[in-house]
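>>> Got a sequence here, can you build the structure:
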Amino acid sequence: MYCRNCGKEIPPQAVVCVSCGVEPGKGNKFCPYCGAETSPEAEVCIKCGGSLKKNIPPEEAKSKLVAGLLGIFLGGLGIHRFYLGYIPIGVAQLILALLGYVTCGITSIIAWVWGIIEGILILTGKSITTDAKGIPLKD
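Reported below is the predicted structural model:
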């Protein structure tokens, strides 16, 4: 986590930044996720894509490892999408999996392959890099 006022790295349990004395989340000059300098009017960090309007602490960021493993092992049911907050896509994957009962498993296979591929892409950082709120996934 980085101080929004001075841009210095601060530990997640810190009550104030030891460099400038400002509480974490206060200020608007730096990105709390990557420490890059930002415009006070910016809504998204142009370096990491993190949301600047919602001062959500990085410890609330979703885990890339958890999302990737959910995609690989339970991706056919869209569980990884639900975890990241992408509810409509998760519902679509779940419906595809359930339609397998009607289509002799064809749509279920499609849903599982889709989930496995997304899980691998999430783990490699080549696909989904933020959750539905625009918060970057933590490693």
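>>> Find the residue closest to residue 53 in space, skipping its chain neighbours.
Nearest residue to residue 53 in three dimensions, chain neighbours excluded: residue 43, at 5.1 Å (CB to CB, 6 or more residues apart in numbering). Bear in mind the C-beta positions are built from the backbone N, C-alpha and C, glycine included.
>>> Likewise for residue 40?
If you skip the residues right next to it in sequence, residue 40 has residue 28 as its closest partner in space, 4.4 Å away by CB to CB, 6+ apart.
>>> now swap in residue 84 and tell me
residue 131 (4.6 Å).
>>> The residue nearest to residue 40: what's it in contact with?
For residue 28, the set of contacting residues under the criterion of CB atoms under 8 Å, 6 or more residues apart in numbering consists of 4, 38, 40, 52.
>>> again with residue 64
Contacts of residue 64 were listed using CB under 8 Å, 6+ apart, and they are 122-123, 125, 137-139.
>>> Mind checking what secondary structure the residue of the chain most remote from its centre has?
For the chain, the C-alpha lying farthest from the average C-alpha position belongs to residue 104; by CA atoms, centre = their mean, that distance is 34.4 Å. Under the three-state scheme (DSSP: H, G, I helix; E, B strand; the rest coil), the conformation of residue 104 reads as coil.
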